[in-house]
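# sequence first, predicted model second:
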Amino acid sequence: MDAQEDDPRRLLGQLLRRARTDARLSQDSVGTAVGIDRSGIARMEAGYRQLTSASLAAWLTKCNVTGLAEEGIRAMWRVARRRAAEPEERLLNWTDAEAEARVLRFWHPGAVPGLLQTDKYAYETYRVFGYGHEQAEAATAGRMGRHAILERERPPRVVAVIDELVLHRQLGTREVMAGQCLRLLELAERPQVSVQVVRGASAGLGGMVAIADGPGGTVVLAGSVLEDIVSDDVTRVQDAEAILDAVRGVAESTGETRRVIGEAHKLWT
């Protein structure tokens, strides 16, 4: 049997599509109930995107799925969630959440958040992680593709907090760092983007935190040296938000941040 045929995510998608079609509902109709556009519904039915518990409940309610059918779909959802939690699948769930987020919040003590990186800076981060040249180029191209959300007619609100040391930690050449600082200054001028720096110790020294608030709920990406965790668990979300709020509480104002980044840009040039 083809590995995809018994993939629980694909099977879950088939069950959800059957529930929708049996209820004689369009993808747009279910999408309105779930709070996700038609393309997102299509990805869910194809098994390429995972639902949050809230999205699943809304889907089943809209399609009037009850009894044994509901229990069966929920059981398959739990199996699919466990599959999605495997290491190679976790970041795929984050990129889905990032792509559809209305608000994105980042704290990063080690590097500029990926959504704000230049292509050259991104390439150097992958090289530091041990990627070969071709692998780093491919990964960089993927990351740059994700930047398209910033150019939408209605882009997400972005709040990025970084450690000041990031501005002085050289990745690649001095030109790469100067270009990255300039990119941060340009983004900080956009009305939907807020950039702040933190000087000194903070509650976020344990690792990076990214939070995506979207129509399907809130998803957290928490990073450490050993592992990245993607989760929509309420407790994890609350913990991540507490860390980010504490970090923002000691961060410099956006105006002072622009001055700090400007000084770093001059140093690199």
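Ah, there it is. Values in this document were obtained by computation on a predicted structure and should not be read as measured data.
# Thr257 reaches Leu185, doesn't it?
No - Thr257 is beyond contact range of Leu185, at 9.7 Å (criterion: Cβ atoms under 8 Å). C-betas here are computed from N, CA, C, even on glycine.
# can you confirm Asp6 is in a strand?
No - counting by DSSP: H, G, I helix; E, B strand; the rest coil, Asp6 falls outside a strand, being coil.
# number of nearby residues for it?
9 (other Cβ atoms under 10 Å).
# tell me how far it lies from Met76.
For Asp6, the distance to Met76 equals 12 Å [Cβ to Cβ, to the nearest Å].
# got it, and Ser202?
42 Å.
# list the contacts for the spatially closest residue to Arg74 that is not a sequence neighbour?
Here the nearest residue to Arg74 in space, its sequence neighbours aside, is Leu56; by Cβ to Cβ, 6 or more residues apart in numbering that works out to 7.1 Å. Taking Cβ atoms under 8 Å, 6 or more residues apart in numbering, we find Leu56 in contact with 73-74, 77.
# now tabulate those in JSON lines and tack on secondary structure and neighbour count.
What follows is those, written out as JSON lines (DSSP: H, G, I helix; E, B strand; the rest coil; neighbours: other Cβ atoms under 10 Å):
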{"residue": "Ile73", "secondary structure": "helix", "neighbour count": "20"}
{"residue": "Arg74", "secondary structure": "helix", "neighbour count": "15"}
{"residue": "Trp77", "secondary structure": "helix", "neighbour count": "22"}
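# that older thread, pick out whichever of Thr257 and Leu185 has more residues nearby.
The neighbour count for Thr257 versus Leu185, taken as other Cβ under 10 Å, is higher for Thr257 (24 against 16).
# which residues sit in contact with that one?
188, 195-197, 251 are the contacts of Thr257 under Cβ under 8 Å, 6+ apart.
# again, but for Glu71
For Glu71, no contacting residues are found, by Cβ under 8 Å, 6+ apart.
# one more time with 10 Å, if that's ok
For Glu71, the contact set (Cβ atoms under 10 Å, 6 or more residues apart in numbering) comprises Val65.
# please consider this matter closed, and thank you.
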